[in-house]
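**Student:** Build me a model from this:
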Amino acid sequence: MLRITRDIALDDRELEERFVRASGPGGQNVNKVSTAVQLRFNVFASPSLPDEVRARLVTLAGKQLSAEGDLIVNAQRFRTQARNRADARDKLAALIRAAAHRPKPRRKTRPSAAAKRRRLEAKRRQGETKRRRSGRLDLN
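**Tutor:** The predicted model follows:
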């Protein structure tokens, strides 16, 4: 059981782990032992995710999401399988936790009259500066 938030927990049967050979640190060991972890989690088939979290997770996952709906997390930072396995689970949990966070709705705001006045005055000053640079004066 992988606990994500108070309300969301993933069953271990929903996660599929593959161990592959890693690049990076490990010396000759890296050529012989499969220490890197490829963790797969099917976003669309998971009963553990609420629909709104699932929708946000699909947008957050980006290229990590396969066409079949598998979220693929790779971990090869460490030399041992156990630490890479824990790292992959942490990465998945962090991604789902980010998707579980409901974004604050944007409230439309309008610029104040003073802000509009300042903007137009700055535009007028800039235009005047450019007119002076051109060499000809336009005194309207």
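**Student:** what helix or strand is A86 on?
**Tutor:** Per DSSP states H and E: A86 is located in helix 81-100.
**Student:** That helix - what's its average pLDDT?
**Tutor:** When pLDDT is averaged along helix 81-100, the result is 87.
**Student:** Restricting to C-alpha, output the helix or strand that that helix is followed by in CSV.
**Tutor:** Downstream of helix 81-100, the next assigned helix or strand under DSSP H and E is helix 113-133. Coordinates of each C-alpha in helix 113-133 appear next as CSV, following Å, rounded to 0.1, in the frame of the first residue of the first chain:
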residue,chain,number,x,y,z
ALA,A,113,-8.2,54.3,-13.5
ALA,A,114,-4.9,55.6,-12.1
ALA,A,115,-3.0,52.7,-13.6
LYS,A,116,-4.6,53.3,-17.0
ARG,A,117,-3.7,57.0,-16.7
ARG,A,118,-0.1,56.1,-15.8
ARG,A,119,0.2,53.6,-18.7
LEU,A,120,-1.1,56.1,-21.3
GLU,A,121,1.2,58.8,-19.9
ALA,A,122,4.2,56.5,-20.2
LYS,A,123,3.2,55.6,-23.8
ARG,A,124,2.9,59.3,-24.6
ARG,A,125,6.4,60.1,-23.1
GLN,A,126,7.9,57.1,-25.0
GLY,A,127,6.3,58.3,-28.3
GLU,A,128,7.6,61.8,-27.7
THR,A,129,11.1,60.5,-27.1
LYS,A,130,11.0,58.6,-30.3
ARG,A,131,9.7,61.5,-32.2
ARG,A,132,12.5,63.7,-31.0
ARG,A,133,15.1,61.0,-32.1
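**Student:** List the buried residues for the helix holding A86?
**Tutor:** Within helix 81-100, the residues that qualify as buried are 81, 84-85, 87-89, 91-93, 95-96, 99-100, counting by 16 or more other C-beta atoms under 10 Å. (C-beta placed from N, C-alpha, C; glycine too.)
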